[in-house]
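K.L.:
sequence isn't available, so here's the structure alone:
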């Protein structure tokens, strides 16, 4: 299981730039409507869960999608149309690109690779995994962003990041919902049955809730 997840994470990292360029662009998929993000989000692959804001929307993965579980996008206002998804599930096609949203990513952490971390323009703090965590402000194609990230323990060391993307004039409007989502993020555990029919637990903390949307 672990080696499969590592390969998926590597592929997701290699495709990050391509996904960022295509994230809000139509592709070969026929357009479809977003759906309400009802109930807790949960991933048994990375032993993590969080609560979306009320009235949040998401673009479901299209039928026949093949890729790797690495996150999703929580829309704070409904996009007009959804399209397909990239190889990492964190990349969803939608329009318009200005739609206010929270981009979620999670995956295994491979420790210090020697690269210098990007500069953080501190814009306050939020609670993530029970710790005060810096909010970093930046910009992307005329939109303002606030991001926070942290480490946690799944079946292996893992990482989580969330980025609020909105028009500069709307950033403060959506900040409370963003902070509340981040504060709700927690590790969870999942039960599996092995080939010998014995049950074993992966992850930490209370059981992951059933994932009702993705």
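P.N.:
On my side now, so go ahead. Computed from a predicted model, the values in this text were never measured in an experiment.
K.L.:
surely residue 65 meets residue 84?
P.N.:
Yes - using C-beta atoms under 8 Å, residue 65 is in contact with residue 84, at 7.1 Å. Quick note: C-beta positions are derived from backbone N, CA and C, even for glycine.
K.L.:
higher neighbour count, those two?
P.N.:
residue 84 (22 against 13; other C-beta atoms under 10 Å).
K.L.:
point me to the helix or strand that includes that one.
P.N.:
In this assignment (DSSP states H and E), residue 84 forms part of strand 81-85.
K.L.:
so which elements touch that strand?
P.N.:
Applying 3 or more C-beta pairs under 8 Å, 6 or more residues apart in numbering; DSSP states H and E, we find strand 81-85 packed against strand 92-95.
K.L.:
the strand it packs on: partners in the sheet, and parallel or antiparallel?
P.N.:
strand 81-85 (antiparallel) (DSSP bridges).
K.L.:
and the partner strand, how far out from the chain middle?
P.N.:
Put simply, strand 81-85 sits 16 Å off its chain's centre (C-alpha atoms, centre = their mean, to the nearest Å).
K.L.:
what's the distance between the nearest residue to residue 147 once chain neighbours are set aside and residue 81?
P.N.:
Residue nearest to residue 147 in three dimensions, not counting chain neighbours: residue 163, with 4.1 Å by C-beta to C-beta, 6 or more residues apart in numbering. When distance is defined by C-beta to C-beta, to the nearest Å, residue 163 is 22 Å away from residue 81.
K.L.:
more neighbours: which of the two?
P.N.:
residue 163 (19 against 16).
K.L.:
mind listing what that one touches?
P.N.:
102, 103, 145, 146, 147 (C-beta atoms under 8 Å, 6 or more residues apart in numbering).
K.L.:
just list whatever residues bridge to the third one.
P.N.:
Counting by DSSP bridges, residue 145 forms beta bridges with residue 138, residue 165.
K.L.:
okay, residue 205 and residue 44: tell me how far apart.
P.N.:
Residue 205 is 13 Å from residue 44, by C-beta to C-beta.
K.L.:
residues that sit against both of these two, list them.
P.N.:
Joint contacts of residue 205 and residue 44 (C-beta under 8 Å, 6+ apart) do not exist.
K.L.:
ok, these two, which is more surrounded?
P.N.:
It is residue 44, of residue 205 and residue 44, that has more neighbours when counted by other C-beta under 10 Å, with 20 against 14.
K.L.:
quick one, phi psi at that one?
P.N.:
With angles defined as degrees, to the nearest 10, residue 44 sits at phi -80, psi -20.
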